[in-house]
Every structure is written in structure tokens, then in C-alpha cells.
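>>> need a 3D model of the sequence below.
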Amino acid sequence: CIRDRHYTHQDLRSNMWRNPGEDGKDSQGKWKHSNQVDDDENGVVDDLYGADFIDGDGDPKDAWGHGTAVAGIIGARGDNRRGISGVAWTTRIMALKVGNGGTSETAAEIESIAYAIANGAKILNCSWGNSYYQQSLVDAFTSAGENGTVIVTSAGNEGYNIDSFPVYPAGYNLDNIITVAAFDRRGDLGTFSNFGEINVDIAAPGVETPSTCVEIDDNGEPVYSNNDWYGFASGTSFSAPQVTGLLALITQIYPDESYRDRINRLLLGAIRTDAFFGMVRTGGRASLAGSLNIEEVGDLPEILKDIGDRIVMAGDVVELSVVVENSDGVSFSWTRNGQEIAGQDSNSIVIDDLVPDDLGVYRVIATNRFGSVTSTARVALAPDSGSNIVYVNHAADGLSDGTSWTNAYQNLSSAIEAAPFGAAIWIAGGFGSFIRRSKAQRIGLLPPDVPHPRIHYVGNVSSAGAKWAALSTRSRREAERLAADAELIEL
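Below you'll find the predicted structure:
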């Protein structure tokens, strides 16, 4: 089932689910879907294609275009010489409206989940979310799992690590939820996409994705008479339905598998690339071919606590470890900067008397007979002193108490020019901070040949929270405390 959509669109209407209790004619010869009678006595009148849980009726028509784009990616009709083909282009799509204009309501979400379960939906695409944990939604999703229903959620579009700053439903620890990040045509994680080795499972295309859409007139009103409107959409809202479509195909091919087996088949079939290591649980992107080639399915190792980045001093003793659920039968291997660390085969590693050669990116690979997952951490030197720290924030205009940002700059190039050689540059950019070197280079923020040795990206905080990036003892301590969300770039 999908949130609201333009169900009369030429590429969707033939694949819409039809409620058998509201289909056909009643005893008086009237069409049930328009007779203003709750023929199937489910509490919703004339719900032929689904239901609108905002207005409380049986017309879930999309007034915004979001749900229509999601639906087209999943199941736009194929082989009809029109528009596009969805991933699962002969599936059935149930339309459930739970919000308007980009926001949804919890009560509507819960009602829609119950409706979907009652009508036999096996996959729910939930391309929505927020930062609030709600037990009522956990209970609803748990009920879906008990009925064999998989939930596919979007990771979110703030560009930060949702292991550190969870969003929901992606962050609910339930075994029937899959969370999806977005990648672009180059195979890189989308600049906007959230990530997380624990809370994000897999990546799928989600940048400039073609799909069905709703025409909006100059007054912002939908034009439903136009049934052949198409466009492009970007966001994890549109990478999630790629995975929903794959799961629909997997369910068609393996109808007797449990929901856990279908999820595991999807995850085990992921194609791993360097772009996704440290970013999603599988380290890879969704692949139908990979999933269909899996001969035996089972649960991957489950990392309950990842390594966590470290800011250290020379001579420190540093222990890196992961916590893995059901570690029986799980083997471990470690790498530093891509090179295997010989003799390290447990869930932890200890660095005695740390020296510069010990710095870098550490990765542990936890493997069982079904496959492997990874956890990544960066070990970096702490700033030496306040005089060697330069701060960068796009709003370098002082703290809320009026304190000036003595060594704060609004752009990285100015900071690099002003900083003494060897100084540490801390970048606090809020939710939209550029957390990877390649991304910063691509937009021209960071030239590829900058001769600066230590640049820290301290993101994953609210825009207001970025105010600690002032040059003061209190702010520096705060930056160090949040260093688990920092990334050191060696240039």
C-alpha cells in the first residue's frame, strides 16, 4: 500500500487495488463505489481504491504529487507504450492518504496501517517520517509484522547520521522494517540522503528519478483531468519505493517465504560498493538479480552498538569494539585505511601507545554463514590548543549571547587561508553539513589540492546547535564531546 496518489493516472489506474466489498453494483443496481453506502461495513464509505484517513472518506486522491510519484516508481504499468514502467509493473497498489502538503498525522498513519493489514497488504511503503518516537506507531508496525507485512521506510533528506540522531519510523528497532538511503546516477550517496550503519539498511536510486506525477495549476491546485503527466523526483521518499517494488517482485517469485526471509533475501542480494561502506548496514545497493541468486536465506549479524569515531591524543590506549546480537557463529576481521589488520579476529581491537600511523579509518566486518555487515570508525588527533583551531559556519555571526566568533569564517577557503599550518579546522554546518570530502569537492567548497592536513566536519546537529562552533573553551569542549559525529579528512 502507498500513501495518497492520482489513481486515475493512465500509468496507474490498471494496477490499482480494488476493494471487492465496494466493487460492482449493489442490490439496487447502483455502483457500490459511488452509492454513499458502506457496503463492506468497514467504517469507510465508497473505498474502492483505498481510503483517505485525513478527511475520513473513501477518496485517497493525491493533491500534492508525492504519493503519485512513489506509486509510479513501484508499479507504473509496463508494456503499455505509455510513460514509464514501475519496478513491479503488474503489482496491485492500495492508496491510503495520511497527510496533506508534505505532512502526515499519526492517527491517520495508525488507521491506515490497520486498514492495510485487514485488506491483506504485504508491503507498506512509508515515505514519511519525523524525529518523534511514538509508541502507538511502534505497536501498529509490530502488528503489521505479526501479520507478515513488511514496512519500507525512507531514511530522510537531512544529510546526517540517523544512528546518532534517529528519525522515525526508520529508527524503530523492529524486524519487519527496512530503511532505504538514496544514491545518484554516479553511484554516490545522494548529497541530501541520511545514512547510518545501524538504522539504514540499503541504498537505492533516488536522485532525479522519473515517475508519474500530478499536474499542479498556477493556483497550486491539482489538475486530475490530465492523466499523462510525468516528471522527476529526488529524495529518499523515492528510493524507498524502488525497494518496495523489488520486494513485491520477490514476494511474487517466492510466495511461500516468510517476511523475514523476503527481507533477508533483499539484504543478502545487495551489491557492495565503497560508496556505501560506513553509510548503510549492508554496505551496498539493492539488486533484484543479486536477491534472486541467493540460494539460502537467513539473518545477517545484527550490530547493536557500532564502533564510534574517536578523537585521541598521541600515546593514548584506544579500544574499538562492536556489540553484535547472537554472536555465535559470527567471525570478525578488521581493516585500517583499507588494509587488513593481521591477527585481529574478535569484536574488539586495542591500540596501545597510539602513534600517528595508528590514525585513520577502521572497519570491522562481522560475518556469518549468510553474509556480513560492517561498522566503521575514524580515529583522529584532537586539536592541540585553542590557538590552533579555526571554526567554519555559514552563519558566523556570533553566539546568541552576543559573543563574537573571533576565528570563525563563513566559508572554508577563507578559513584555510587564515589558519596557520597544522591548525585544525572544525566545520559546524548543521543538518546540511558536507560530511565527505568528495561531496565538498564536487560543489567547489573544498578544492582537491588544498594543502591542509586536518579538517574536521562536525555535523549531525540542529542548525541552532551549530552555535557551539565559536572559539571559546566551552565551545571547544562541546566540539570534542560531539567528535563521534566528526570526520577527519587527510589531504
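>>> could you use CA atoms for every contact and neighbour count after this?
Noted.
>>> surely residue 332 is within a helix?
No - with DSSP: H, G, I helix; E, B strand; the rest coil as the criterion, residue 332 is located in strand rather than a helix.
>>> spit out the contact partners of residue 280.
The contact partners of residue 280, taken as C-alpha atoms under 8 Å, 6 or more residues apart in numbering, are 181, 195-203.
>>> please repeat the previous calculation with a cut-off of 10 Å.
Contact analysis of residue 280 by C-alpha atoms under 10 Å, 6 or more residues apart in numbering lists 161, 179-181, 189, 194-203, 373-375.
>>> which strand residues bridge it?
Here residue 280 sits in beta bridges with residue 196, as judged by DSSP bridges.
>>> give me the distance between it and residue 181.
8 Å (C-alpha to C-alpha, to the nearest Å).
>>> need the overlap of contacts for those two.
Shared contacts of residue 280 and residue 181 (C-alpha under 10 Å, 6+ apart): 189, 194-196, 200-203.
>>> in JSON lines: these, plus pLDDT and neighbour count.
Rendered in JSON lines, the data for the shared contacts of residue 280 and residue 181 read as follows (pLDDT from 0 to 100; neighbours: other C-alpha atoms under 10 Å):
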{"residue": "189", "pLDDT": "91", "neighbour count": "26"}
{"residue": "194", "pLDDT": "90", "neighbour count": "30"}
{"residue": "195", "pLDDT": "90", "neighbour count": "32"}
{"residue": "196", "pLDDT": "89", "neighbour count": "26"}
{"residue": "200", "pLDDT": "95", "neighbour count": "28"}
{"residue": "201", "pLDDT": "95", "neighbour count": "27"}
{"residue": "202", "pLDDT": "96", "neighbour count": "31"}
{"residue": "203", "pLDDT": "97", "neighbour count": "37"}
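>>> out of those, which one sits closest to residue 285?
When those are ranked by distance to residue 285 (C-alpha to C-alpha), residue 203 comes first, at 4.5 Å.
>>> mind checking which helix or strand the closest one is in?
Element membership for residue 203 (DSSP states H and E) is strand 202-205.
>>> flag the shaky bits of the stretch 201-350 of the chain, pLDDT-wise.
Within the stretch 201-350 of the chain, no range satisfies pLDDT under 70.
>>> what segments of the stretch 251-400 of the chain are helices?
259-268, 288-292 (DSSP state H, counting those that start in this stretch).
>>> deepest in the core, which of those helices is it.
Of all those, helix 259-268 has the most neighbours on average by mean count of other C-alpha atoms under 10 Å, namely a mean of 23.
>>> just checking, what packs against that helix?
Counting contacts by 3 or more C-alpha pairs under 10 Å, 6 or more residues apart in numbering; DSSP states H and E, helix 259-268 packs against helix 135-146, strand 150-154, strand 177-183, helix 240-253, strand 284-285, helix 288-292.
>>> and residue 321, which of those is closest to it?
Per C-alpha to C-alpha, nearest to residue 321 of these: strand 284-285, 22.4 Å.
>>> tell me what the closest one is packed against?
strand 177-183, strand 202-205, helix 259-268, strand 271-272.
>>> looking at those, which is nearest to residue 26?
Nearest to residue 26 among the helices and strands packed on strand 284-285 is helix 259-268; the distance by C-alpha to C-alpha comes to 36.6 Å.
>>> closest one of the shared contacts of residue 280 and residue 181 to residue 322?
residue 196 (14.6 Å).
>>> my read: the closest one touches residue 156, true?
No - Residue 196 is beyond contact range of residue 156, at 11.0 Å (criterion: C-alpha atoms under 10 Å).
>>> now do the shared contacts for those two.
By C-alpha under 10 Å, 6+ apart, the residues touching both residue 196 and residue 156 are 162, 166, 179, 181.
>>> tell me who's in contact with residue 264.
258, 291, 294, 296-300, 370-371.
>>> next one: it from residue 292, what distance?
Taking C-alpha to C-alpha, one finds residue 264 at 11 Å from residue 292.
>>> still on that earlier bit, mind giving me the ChimeraX select for the shared contacts of residue 196 and residue 156, buried ones only?
In ChimeraX, this line selects whichever of the shared contacts of residue 196 and residue 156 come out buried by 16 or more other C-alpha atoms under 10 Å:
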select :162,166,179,181
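>>> tabulate the shared contacts of residue 196 and residue 156 (a markdown table), appending distance to residue 64 and pLDDT.
Putting those into a markdown table (distance: C-alpha to C-alpha, whole Å; pLDDT from 0 to 100) gives the following:
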| residue | distance to residue 64 | pLDDT |
| --- | --- | --- |
| 162 | 27 | 87 |
| 166 | 27 | 86 |
| 179 | 23 | 97 |
| 181 | 23 | 97 |
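>>> just the shared contacts of residue 196 and residue 156 now: which is nearest residue 118?
Nearest to residue 118 among those, with distances taken as C-alpha to C-alpha, is residue 179, at 23.6 Å.
>>> how much space between the closest one and residue 283?
Distance of residue 179 to residue 283, computed by C-alpha to C-alpha: 13 Å.
>>> joint contacts of these two?
Contact criterion C-alpha under 10 Å, 6+ apart; residues shared by residue 179 and residue 283: 200-203.
>>> next, the angle helix 259-268 makes with the top strand by length along the chain.
Counting by DSSP state E, the longest strand found in the chain is strand 372-381. Put simply, strand 372-381 runs at 50 degrees to helix 259-268, going by axes from the mean of the first three to the mean of the last three C-alpha atoms, to 10 degrees.
>>> re the thing from before, mind putting the contacts of residue 264 in JSON lines, distance to residue 67 included?
Shown next, in JSON lines, are these (distance: C-alpha to C-alpha, whole Å):
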{"residue": "258", "distance to residue 67": "27"}
{"residue": "291", "distance to residue 67": "27"}
{"residue": "294", "distance to residue 67": "32"}
{"residue": "296", "distance to residue 67": "35"}
{"residue": "297", "distance to residue 67": "32"}
{"residue": "298", "distance to residue 67": "33"}
{"residue": "299", "distance to residue 67": "32"}
{"residue": "300", "distance to residue 67": "32"}
{"residue": "370", "distance to residue 67": "35"}
{"residue": "371", "distance to residue 67": "34"}
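>>> tell me which of the residues you listed is nearest to residue 86?
residue 291 (18.1 Å).
>>> just give the nearest non-adjacent residue to the closest one, would you?
Counting by C-alpha to C-alpha, 6 or more residues apart in numbering, residue 269 is the residue found nearest to residue 291 once chain neighbours are left out, at 3.9 Å.
>>> how near is that neighbour to residue 75?
21 Å.
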